[in-house]
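> turn this into a structure:
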Amino acid sequence: MFAKFARTGVLIAAIGVAGCNDSSMKDFAPEANKPLPDKILADMQAKGMVRTSSVMARIFKEEGKLEIWKAKTNGRYEMVASYEICKWSGKLGPKYTEGDRQAPEGFYTVRPSQMNPRSNYHLSFNIGFPNAYDRANGRTGQNLMVHGACSSSGCYSMTDAQIEQIYAFGRDAFQGGQTEFQIQAFPFRMTAANMARYRNDPNYEFWKMLKVGYDNFEITKVPPKVDVCEKRYVFNQVAPEGTTFDPTGPCPATTQPDSLKTAFANYEKSYDAAFNSAVNSSSVAPKPTIAGIKEASIVSDWSKRRARGERVPIDPPSMNSDGSVTETTRMGRIDSPAGRKMAALDAAKEAKRKAEEQRLAAIEAAKAAKEQAKAQALAEKEAAKQAAQQQVVTAGVEPAQPAQETQQAADADQGTVSKLKKKLLGMFGG
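Just a heads-up that it's a prediction; the model follows:
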């Protein structure tokens, strides 16, 4: 049933198979031409695939996996390779704004022009962020890639050996006529158990929307047709002829094949039972997730300051469940032209600060010396004054000594006169 449906092209309209001439392919990837390993080619052949058949990728953050799926001759897809993601940045949850260091989640499209054989990260391809959904919801960012070099600031980074194979899958599919392939990026495998674990997360409603596309692929094993209307994803919906999906406008009346609707309803019924069971059972604790645009804005501001070369906490800030923000105490700046320029400006500013500090210290020292000299002069003046006063006191006491001697001398003289007088009187009969 689904193989026939897939061959009608309804579900794979988003894949867009068309021709691609040799000249454009040579221009597209002249250096990224390593063939896939013989073992992978043998596995593909055993599964009914050809080297150049259509391809798609699925990414699961929490599990750290990137899967490659290829179309078989019956039109349905089967996984042909799985890789451990070497590094991805941020937390579980979508990318909100430029600089939030979040690896995107959603449904993205890769075309030949997005492949880069001369990447600074060995090989790379841009996943197509922002897509129609992201733009409709005001989400910003650029240059979000799957690449080598195992280094990430918002991308999905692989080892060089891994990206050579992943790149080859896309290259071969383009050579076979596929004009674009789909990347489905999820926070985790969207099982009932995992959805139950994250049922209280602020990103849960977004993840429920992604799960519809996830379920469509699980049911059909064909990449879903993806559209956006009313600022949300819609999957495998067929609009009436002459109408289109407006990402920010109302969704048109759509239809789905009855076989798909029935299969989806049965799938959801089984899922609901598993979800309810998982809610009441113990499970692994949820991993950290981004707390919406508020945390994204805080991290984005950190990224901007870091890019300007400022000294910032080594790790991005993180928002806690109570709304508080945690930052690491270790500070540093990136080694870049901006960082070195900022370091020089900071050094000059610090030197100026120290010089001003020394100038003020010298002024204070001179002021203190002047005050000390003034105090010393006052002390000397006071000492001189006290010395003068002491001399005056001394001058008032010392004359008493000569006066007493004078009186004694006078008394002596008087005695002498008396004696002489008595003598004369005696001589002349007085």
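> hmm, which helix or strand of this protein has the shakiest average pLDDT?
Counting by mean pLDDT, DSSP states H and E, the weakest-scoring helix or strand in the chain turns out to be helix 22-28, with a mean of 40.
> what's the following helix or strand after it?
In the C-terminal direction, the helix or strand that comes right after helix 22-28 (DSSP states H and E) is helix 38-46.
> how about the CA coordinates for that following helix, as PDB?
Extracted in PDB, the C-alpha atoms of helix 38-46 (Å, rounded to 0.1, in the frame of the first residue of the first chain):
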ATOM      1  CA  ASP A  38      32.900  -1.600  -0.100                       C
ATOM      2  CA  LYS A  39      31.100  -2.900   2.900                       C
ATOM      3  CA  ILE A  40      28.500  -0.200   2.800                       C
ATOM      4  CA  LEU A  41      28.100  -0.600  -0.900                       C
ATOM      5  CA  ALA A  42      27.600  -4.400  -0.300                       C
ATOM      6  CA  ASP A  43      25.000  -3.700   2.400                       C
ATOM      7  CA  MET A  44      23.200  -1.300   0.100                       C
ATOM      8  CA  GLN A  45      23.000  -3.900  -2.600                       C
ATOM      9  CA  ALA A  46      21.700  -6.600  -0.200                       C
END
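> for that helix, name the packing helices and strands.
Where contact means 3 or more Cβ pairs under 8 Å, 6 or more residues apart in numbering; DSSP states H and E, helix 38-46 is packed against strand 77-84. For every residue, glycine as well, the C-beta is placed using N, CA and C.
> show residues contacting the helix or strand following the strand it packs on.
Heading C-terminal from strand 77-84, the first helix or strand you meet, by DSSP H and E, is strand 87-88. The contact list for strand 87-88, computed with Cβ atoms under 8 Å, 6 or more residues apart in numbering, reads 61, 64, 103, 150-152, 155-157.
> in this structure, which helix is the longest?
The residue-count maximum for a helix in the chain (DSSP state H) belongs to helix 337-397.
> mean confidence score for it?
Regarding helix 337-397, the rounded mean pLDDT is 84.
> pull the distance from that helix to the chain's centre.
On the basis of Cα atoms, centre = their mean, to the nearest Å, helix 337-397 is displaced by 50 Å from the centre of the chain it belongs to.
> ditto for stretch 189-208
If you compare the mean C-alpha spot of stretch 189-208 with that of the full chain, they lie 24 Å apart, counting by Cα atoms, centre = their mean.
> run a quick neighbour tally on the closest residue in space to Gly128 that isn't next to it in sequence.
Across the structure, with Cβ to Cβ, 6 or more residues apart in numbering as the measure, the residue nearest Gly128 apart from its sequence neighbours is Tyr108 (4.3 Å). Here the number of neighbours of Tyr108 (other Cβ atoms under 10 Å) works out to 25.
> so which strand or helix has Val234?
In this structure, Val234 sits in strand 232-235 according to DSSP H and E.
> can you name the next helix or strand after that strand?
Next in sequence after strand 232-235, counting helices and strands by DSSP H and E, comes helix 258-279.
> show the average pLDDT along that next one.
Averaging pLDDT residue by residue across helix 258-279 gives 94.
> list the buried residues in the following helix or strand past it.
Sequence-wise, the next helix or strand downstream of helix 258-279 (DSSP H and E) is helix 292-307. By neighbour count, and taking 16 or more other Cβ atoms under 10 Å as the criterion, the buried residues in helix 292-307 are 295-296, 298-300, 302-303, 305-306.
> do stretch 207-222 as well
So for stretch 207-222, counting by 16+ other Cβ under 10 Å, buried means 207, 209-217, 219-222.
> give me the contacts around it.
Residues lying outside stretch 207-222 but in contact with it, judged by Cβ under 8 Å, 6+ apart, are 2, 5-6, 11-12, 75-78, 105-107, 184, 186-187, 190, 195, 198, 201, 223-224, 226, 232-233, 235-236, 260, 263-264, 267-268, 271.
> quick check on these: which are buried?
2, 5-6, 11-12, 75-77, 105-107, 184, 186-187, 190, 195, 198, 201, 223-224, 226, 232-233, 235-236, 260, 263-264, 271.
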